[in-house]
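Enquirer: I would like to see how this sequence folds:
(one chain, ligands or ions: 1)
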Amino acid sequence: MSHRILMLPGDHIGPEIVAEADKVLRCLMADFGLAAELEYANLGGCAVDAEGAPLPASTLSLARQSDALLLGAVGGPEWDAIERDKRPERGLLAIRSELGLFANLRPAILFPELADASSLKPEVVAGLDILIIRELTGGIYFGKPRGIRSRDDGVREGYNTLVYGADEIERIGRAAFEAAAKRNGRLCSVDKANVLESSELWREVMEGIAGDYPGVELSHMYVDNAAMQLVRAPKQFDVMVTGNLFGDVLSDCAAMLTGSIGMLPSASLDASGRGLYEPVHGSAPDIAGKGLANPLATILSVAMLLRYSLGEGEQATRVEQAVAMVLADGLRTADIAGSQAKTISTAAMGDAVVAALRAQQ
Ligand code: NAD
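Expert: Next up is the predicted model:
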């Protein structure tokens, strides 16, 4: 059976990094027997320009027929001033919500060769391997009512609603317990239960389902402490699970522990394992078109896509090994170069990964 993969390059560096992921997938198809079809569609600012909406109906329809989606990144200053509903980020929020992609998995793994790139001391981060699971379709980013209104005294106010149903909490909780059971069996649930009622319920539901996973040790941490602990002693964590807003912030913090945002993949999964895979970083307009973007986060997103949505674990391992090989060979894009003078371009990095793949034949 051939897998259907929908490629969504997006904006700015998006097309540059997705082109390298495309090379990797085509190498697996040509040389390693991967049965897949790659299709392309617009999402984000490019979709606004070409089709008048950040998530065109044609893209959504293709997405629904695909087994997995690979996204570059969306957004840029040229779309910041347009009406809110047409902004590129709305397209991303909408596709996550339309496809029911409620679980966002963000591994933060530090390749040994890059320990010096972290802003923390190498001994604090060397060997780091944590997984942050963020609830993605609920919480304050979607809660209603929301808006900007005028108060009776004429002063404007912005307002949002933080709401979580017990069913939403249980769904992400179970995904996190299952992930922890496959790793080192430690799950830390992050909330703000000392202040927020939605967190009080979050904690209660997590405790309620813990009994179904006897191999997993559940702990709780307030989000402010979790932020501190992530930069103080990040290796204490195995899997962390949290809501949409807290997860947004903590996963970016964890990203920096590894030295480069250009190295970090992510997966957003639905209940049946279909997923949208994308690098953690944005569309980096400041370096677009210059061949400076690091494509490895996108290529590692391909590895996650193969493993989590296509059940192609062996192909995934091949890709991860190829990335480890190019790093071991000293090949670096500018963002992970540290003090190393010689760097290579986006396309050269993609070519190097393909060469490292072929070397495994
Ligand atoms: P960003 O992640 O695009 O860039 C932050 C910094 O990291 C920049 O200096 C950039 O050059 C660098 N960087 C990012 N990716 C890199 C890579 N692969 N290789 C080398 N360096 C890299 O964040 P930003 O500047 O805050 O946002 C830019 C645009 O991206 C905005 O429009 C924002 O809304 C959008 N954005 C999109 C997503 C997404 O598509 N999922 C996520 C975050 C931000």
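Enquirer: hey, let's count contacts and neighbours off CA atoms from now on
Expert: OK.
Enquirer: name the surrounding residues that touch the helix or strand hosting Glu37.
Expert: Using DSSP states H and E, Glu37 sits in strand 36-40. Contact with strand 36-40 is made by 2-9, 29, as judged by C-alpha atoms under 8 Å, 6 or more residues apart in numbering.
Enquirer: same check on stretch 212-221?
Expert: 177-178, 180-181, 185-191, 203, 207, 210.
Enquirer: sort out for me which of these are in helices.
Expert: 177-178, 180-181, 203, 207, 210 (DSSP state H).
Enquirer: now render those as CSV, adding neighbour count.
Expert: Shown next, in CSV, are those (neighbours: other C-alpha atoms under 10 Å):
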residue, neighbour count
Phe177, 28
Glu178, 16
Ala180, 24
Ala181, 18
Arg203, 20
Glu207, 15
Ala210, 17
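Enquirer: can you tell me which of those residues is nearest Tyr159?
Expert: Checking those against Tyr159 with C-alpha to C-alpha, the nearest one is Arg203 at 24.8 Å.
Enquirer: wait, that closest one touches Ala193, no?
Expert: Yes - using C-alpha atoms under 8 Å, Arg203 makes contact with Ala193 at a distance of 7.2 Å.
Enquirer: related to what we said a few turns ago, state the pair within the ones in helices among the contacts of stretch 212-221 that is farthest apart.
Expert: Ala181 and Arg203 (19.1 Å).
Enquirer: can the helix or strand hosting Leu357 be found next to the ligand?
Expert: Leu357 belongs to helix 346-358 when assigned by DSSP H and E. No - residues of helix 346-358 contacting the ligand under C-alpha under 6 Å from any ligand atom: none, with a closest distance of 8.4 Å.
Enquirer: what mean pLDDT does the one helix or strand Ala227 maps to get?
Expert: Element membership for Ala227 (DSSP H and E) is helix 223-232. Here helix 223-232 scores 97 as its mean pLDDT.
Enquirer: ok, and for it, which residues are buried?
Expert: 223, 226-227, 230-231 (16 or more other C-alpha atoms under 10 Å).
Enquirer: near the ligand, which residues of the stretch 51-200 of the chain are found?
Expert: Counting by C-alpha under 6 Å from any ligand atom, the stretch 51-200 of the chain sits next to the ligand at 73-77.
Enquirer: from those, which ones fall inside strands?
Expert: Among these, DSSP state E puts Ala73 in strands.
Enquirer: list buried residues within the residues of the stretch 51-200 of the chain next to the ligand.
Expert: Applying 16+ other C-alpha under 10 Å to those flags 73-76 as buried.
Enquirer: my guess is Arg96 contacts Glu135. True?
Expert: No - using C-alpha under 8 Å, Arg96 is not in contact with Glu135; the gap is 11.1 Å.
Enquirer: ranges for the strands of the stretch 251-361 of the chain?
Expert: Using DSSP state E, counting those that start in this stretch, the strands of the stretch 251-361 of the chain run over residues 265-269, 275-279.
Enquirer: and for stretch 315-326, what's in contact with it?
Expert: Residues contacting stretch 315-326 (C-alpha under 8 Å, 6+ apart): 24, 28, 32, 34, 111, 296, 299-300, 302-307, 352-354, 356-357, 360.
Enquirer: what do you get if the cut-off is 7 Å, keeping everything else the same?
Expert: 300, 303-304, 306-307, 352-353, 356-357 (C-alpha atoms under 7 Å, 6 or more residues apart in numbering).
Enquirer: reformat those as TSV; add pLDDT.
Expert: Listed next are the contacts of stretch 315-326 as TSV, based on pLDDT from 0 to 100:
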residue	pLDDT
Leu300	96
Ala303	95
Met304	93
Leu306	95
Arg307	89
Ala352	98
Val353	98
Ala356	98
Leu357	98
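Enquirer: all helices of the chain, in order?
Expert: Under DSSP H, the chain gives helices at 13-31, 45-51, 57-65, 88-98, 122-125, 166-182, 197-210, 223-232, 244-257, 296-308, 313-328, 346-358.
Enquirer: can you put those helices in a markdown table and add distance to Glu157?
Expert: Supplementary listing: the helices of the chain in a markdown table, determined by distance: least, C-alpha to C-alpha, whole Å:
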| stretch | distance to Glu157 |
| --- | --- |
| helix 13-31 | 35 |
| helix 45-51 | 28 |
| helix 57-65 | 34 |
| helix 88-98 | 22 |
| helix 122-125 | 42 |
| helix 166-182 | 29 |
| helix 197-210 | 22 |
| helix 223-232 | 26 |
| helix 244-257 | 20 |
| helix 296-308 | 38 |
| helix 313-328 | 48 |
| helix 346-358 | 44 |
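Enquirer: related to what we said a few turns ago, farthest pair within the contacts of strand 36-40?
Expert: It's Ser2 and Pro9 that sit farthest apart of the contacts of strand 36-40, by C-alpha to C-alpha, at 21.5 Å.
Enquirer: which of the contacts of strand 36-40 lies closest to Ala53?
Expert: For the contacts of strand 36-40, the nearest to Ala53 is Leu8 (14.5 Å; C-alpha to C-alpha).
Enquirer: with Lys182 as the reference, measure out to the closest one.
Expert: Look at Leu8 and Lys182: by C-alpha to C-alpha, to the nearest Å, they are 30 Å apart.
Enquirer: which residue of these two possesses the greater neighbour count?
Expert: Using other C-alpha atoms under 10 Å as the criterion, Leu8 and Lys182 rank with Leu8 on top: 26 against 11.
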